[in-house]
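>>> Quick one, structure for this:
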Amino acid sequence: RNLFDAFIARCSDKSPEIRMELMNFASAYVSCPGALIEPVNRLIEDRLRDTDENVRLVAIRAVVESADVRPDLIEPKAILEVAERMRDKKPQIRREAAIRLAKLYSNIVDKKGPPRGTPGQGGEGWGSNMRERFEWIPSRLISISRNGGLMPEDRMRIEHIFDEILLPPLDASCSNVEERTLQLVDLLSLFAADGLDAVATMLKEKQMLQEDMSTYLALRRGGIESSSQSSSQGDSDEHEEAEMERRLSGMASKVPIPSQDKSRDHFRRILTEIHDAKFVKALSAISNPTAAMNQQKNAASFVMNRVGKKATGEFIHYMVYRLRSTILCKESVSVLLDTLKARDRAAKSRRNIALFLLETLAETFPMFLEGYAPELAMMLSEDDSHLVERSLYLLSRCGHYMDSSSAVVKGMRENMILLATTGSSTQVKYATQCIHKIWGGGERRSHSAADKKALAQIFTTVQEGLVTNLRDSDRREEALTGLVQIALLAPNVFQKEADDVIRLVRDEILQAGGGGGGGDDEDEDEDDGADKRSKAKGKGKAKAKSTKSKSGKRSRSSKSSAED
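Below is the predicted model:
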């Protein structure tokens, strides 16, 4: 006991080297159950906040190594303190804490630890209760990655950890997409709201970076024309140069390594000094979200090998990683749609996450849902009103990728009209948006005369039903919601019924304007008020005219004096 007390005292020695050396032995105490664990746990927690960075580094390793062997003996506060080290002022500490925690979680989930009661022996692994103690780690990792106080390379390193450690790495043939997608669903089902927001932001930034890169490369190749109606070639070239600079700035803001200004210089050097057709083709493949995972992977390897040994090698590594769509891809959509089909209570959280991921894809990579019209049409026929609403939302974001001439979409038409006229306010709102996207083509398809006619016919049918509902006090809110959407999306159609709509909502309009739909006496008062306002307005005009005349005379007089 005296020896142990001396060990504890030396762990607070004034010499960092001694504190660091004794931390190397601390994990041995924690891994053995007994009365010595509690003081050692407190000691390690203190050393995680040590003033010396090397001591903090060794303390992180001591905690995680102990938890890897016997997670049932480690104090939860110690693991939380390791998570706080991901905000440490030293980059090495931040990196070590993030990587160690991710591997710890991965090992426990994969049941690589020994079963309880048999330390040091392989076996079935830890039970679900023990895994629940560490299920907060992935969400905390991703949430911290969006923290403004972290360096950009730390954020991208955490995203890389999420992609390569918390999820099974893509195999050589990229054939394990289903396994990765299902594990991602399970992982995100443990996330808090801020963690899910961070995942959505991560995908959104990937989409924006891919769009900037694709546009930049297309401009370089001269593959697109300037949207400006310039009268000369010089104006067109100037516009394209300005657009390329804007896209460079956009890319630099998504990969600010080591800073946004330096990143812009890196991008400019890479994209303007390298005149290799294969290199540009590989970058185009990485930036194409619909490219096969295998094609993206090969293109990424080519790009990194091409410039990996140059000064910009680290920057290229991060750039390529941020460009690639590795977390979710087009092949993931079928797995997510299959997950929605499960109806047991245990699968409810997984269905919610599958819906969240599908909605995120519809907002960021809507082209992934192209070809899935039959599955989305079936979702519209579900008894679950919430699922119908979310399905409509999906279609309202990706409907322009649906073929309006296909039999499936044609069969969806009557159901969409029904939802737009008899559904809840949310269903009515999204159903009208779906009609505009699917049959109007949104911004993606050009509008032919036939398309415009078909869209006008559908909206006219919907509007007639909504105007009828407007007379029904029980359906006024839903009807107004739909009519507002039609007025925004198809104003020409709305004008046909505008007078009836205004007449039917006159009371609401007057109330919104501060007036009221009064009787005859009030109408007379309003007429008297109107007469008074008219007379006052006439006097005001006469006075203004007189003032203007006098002002004009004074002005001419002043002008004459000035000329004299």
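>>> Am I right that Ser143 is in contact with Ala193?
No. Here Ser143 lies out of contact with Ala193, judged by C-beta atoms under 8 Å, at a distance of 9.8 Å. C-beta coordinates here come from the backbone N, C-alpha and C atoms, glycine included.
>>> Give me the more crowded residue out of those two.
Ser143 (20 against 9; other C-beta atoms under 10 Å).
>>> What is the neighbour count of Thr51?
Neighbours around Thr51, by other C-beta under 10 Å: 8.
>>> So it: helix, strand or coil?
coil (DSSP: H, G, I helix; E, B strand; the rest coil).
>>> Also Glu375?
Following three-state DSSP, Glu375 is assigned to helix.
>>> gap between it and Phe279?
38 Å (C-beta to C-beta, to the nearest Å).
>>> Now do the same contact list for Asn352.
Ser189 (C-beta atoms under 8 Å, 6 or more residues apart in numbering).
>>> That one and Leu340, how far apart?
In terms of C-beta to C-beta, Asn352 sits 10 Å off from Leu340.
>>> try His386
12 Å.
>>> Neighbour count: the two, which is higher?
Leu340 (22 against 11).
>>> If I look at that one, what pLDDT would I see?
For Leu340, the model assigns a pLDDT of 88.
>>> And Ala242, by the same measure?
86.
>>> Run the chain-centre distance for whatever helix or strand it lives in.
Element membership for Ala242 (DSSP states H and E) is helix 233-254. How far helix 233-254 lies from its chain's middle: 25 Å, per C-alpha atoms, centre = their mean, to the nearest Å.
>>> packing partners for it?
helix 193-221, helix 260-273 (3 or more C-beta pairs under 8 Å, 6 or more residues apart in numbering; DSSP states H and E).
>>> Comparing these, which comes out most buried?
helix 193-221 (a mean of 18; mean count of other C-beta atoms under 10 Å).
>>> give me every residue that touches Ala450.
Applying C-beta under 8 Å, 6+ apart, no residues qualify as near Ala450.
>>> Glu179 touches Leu170, doesn't it?
No. Between Glu179 and Leu170 there is no contact under C-beta under 8 Å: 9.9 Å.
>>> So if I had to pick from the two, which one is more boxed in?
Leu170 (21 against 14).
>>> And the more buried one, its phi and psi?
Leu170 adopts backbone torsions of phi -60, psi 130, taken as degrees, to the nearest 10.
>>> Distance-wise, check it relative to Ile327.
From Leu170 to Ile327 the distance is 11 Å (C-beta to C-beta).
>>> got it, and Thr215?
For Thr215 relative to Ile327 (C-beta to C-beta), the value is 23 Å.
>>> What of Ser301?
Remark: distance between Ser301 and Ile327 (C-beta to C-beta) = 19 Å.
>>> again with Thr181
As defined by C-beta to C-beta, Thr181 lies at a distance of 9 Å from Ile327.
>>> and Arg471, what does it touch?
Leu504.
>>> For it, give its distance to Glu135.
54 Å.
>>> Over to His317?
Distance from His317 to Glu135, by C-beta to C-beta: 30 Å.
>>> Just list the residues touching the spatially most central residue of the chain, thanks.
Centroid check for the chain by C-alpha atoms, centre = their mean gives Ala200 as the closest residue, at 2.8 Å. Ala200 sits next to 356, 360, 363-364 when contact means C-beta under 8 Å, 6+ apart.
>>> Ser253 touches Gln260, doesn't it?
Yes. Counting by C-beta under 8 Å, Gln260 is a contact partner of Ser253 at 5.8 Å.
>>> which parts of the helix or strand harbouring Ser391 are buried?
Following DSSP H and E, one finds Ser391 within helix 385-398. Within helix 385-398, the residues scored as buried using 16 or more other C-beta atoms under 10 Å are 388-398.
>>> For the stretch 101-250 of the chain, give me the ranges with low pLDDT.
Counting by pLDDT under 70, the stretch 101-250 of the chain has low-confidence residues at 110-131, 146-152, 172-174, 223-236.
>>> Quick one: the helices in the stretch 251-400 of the chain, in order.
Taking DSSP state H, counting those that start in this stretch as the test, the helices found in the stretch 251-400 of the chain are 260-273, 277-287, 293-307, 313-323, 330-340, 348-364, 373-379, 385-398.
>>> Reformat those helices as a markdown table; add distance to Glu84.
Below are the helices of the stretch 251-400 of the chain laid out as a markdown table (distance: least, C-beta to C-beta, whole Å):
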| stretch | distance to Glu84 |
| --- | --- |
| helix 260-273 | 28 |
| helix 277-287 | 35 |
| helix 293-307 | 33 |
| helix 313-323 | 25 |
| helix 330-340 | 33 |
| helix 348-364 | 27 |
| helix 373-379 | 43 |
| helix 385-398 | 37 |
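>>> Ok, which of those comes nearest Ile99?
helix 313-323 (15.6 Å; C-beta to C-beta).
>>> quick one, that closest one and helix 193-221 angle?
Relative orientation of helix 313-323 and helix 193-221, computed by axes from the mean of the first three to the mean of the last three C-alpha atoms, to 10 degrees: 110 degrees.
>>> what angle do helix 313-323 and helix 277-287 make?
Using the same axes, to 10 degrees, helix 313-323 lies at 40 degrees relative to helix 277-287.
>>> outside of helix 313-323, which residues touch it?
By C-beta under 8 Å, 6+ apart, the list of residues contacting helix 313-323 reads 153, 156, 159-160, 163, 205-206, 209-210, 213, 251, 254-255, 257, 263, 266-267, 270, 283, 286-287, 300, 303-304, 307-308, 310.
>>> Just the CA trace of that helix, in CSV.
Presented in CSV, the C-alpha positions along helix 313-323 are these (Å, rounded to 0.1, in the frame of the first residue of the first chain):
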residue,chain,number,x,y,z
GLY,A,313,0.0,16.7,-51.6
GLU,A,314,-1.8,17.0,-48.2
PHE,A,315,-4.2,19.6,-49.7
ILE,A,316,-4.9,17.2,-52.6
HIS,A,317,-5.7,14.4,-50.1
TYR,A,318,-8.3,16.5,-48.3
MET,A,319,-9.7,17.9,-51.6
VAL,A,320,-10.2,14.4,-53.1
TYR,A,321,-11.8,13.1,-49.9
ARG,A,322,-14.2,16.0,-49.7
LEU,A,323,-15.2,15.6,-53.4
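>>> I figured Gln153 hits Pro258, correct?
Careful, residue 153 is Glu; it's not Gln. Yes. Counting by C-beta under 8 Å, Glu153 touches Pro258, with 7.4 Å between them.
>>> which regions of the stretch 251-400 of the chain sit below the pLDDT cut-off?
When residues are selected by pLDDT under 70, those of the stretch 251-400 of the chain lie in 273-275, 307-313, 325-326, 345-346.
>>> can you check the stretch 401-550 of the chain too?
442-448, 507-550.
>>> For it, just list every one of the helices.
For the stretch 401-550 of the chain, helices defined by DSSP H, counting those that start in this stretch occupy the ranges 407-422, 425-440, 449-470, 476-489, 491-504, 506-512, 520-563.
>>> And for the nearest residue to Asp52 once chain neighbours are set aside, the neighbour number?
Computed as C-beta to C-beta, 6 or more residues apart in numbering, the closest residue to Asp52 that is not its neighbour in sequence is Pro16, at 3.9 Å. Per other C-beta under 10 Å, the neighbour tally for Pro16 reads 14.
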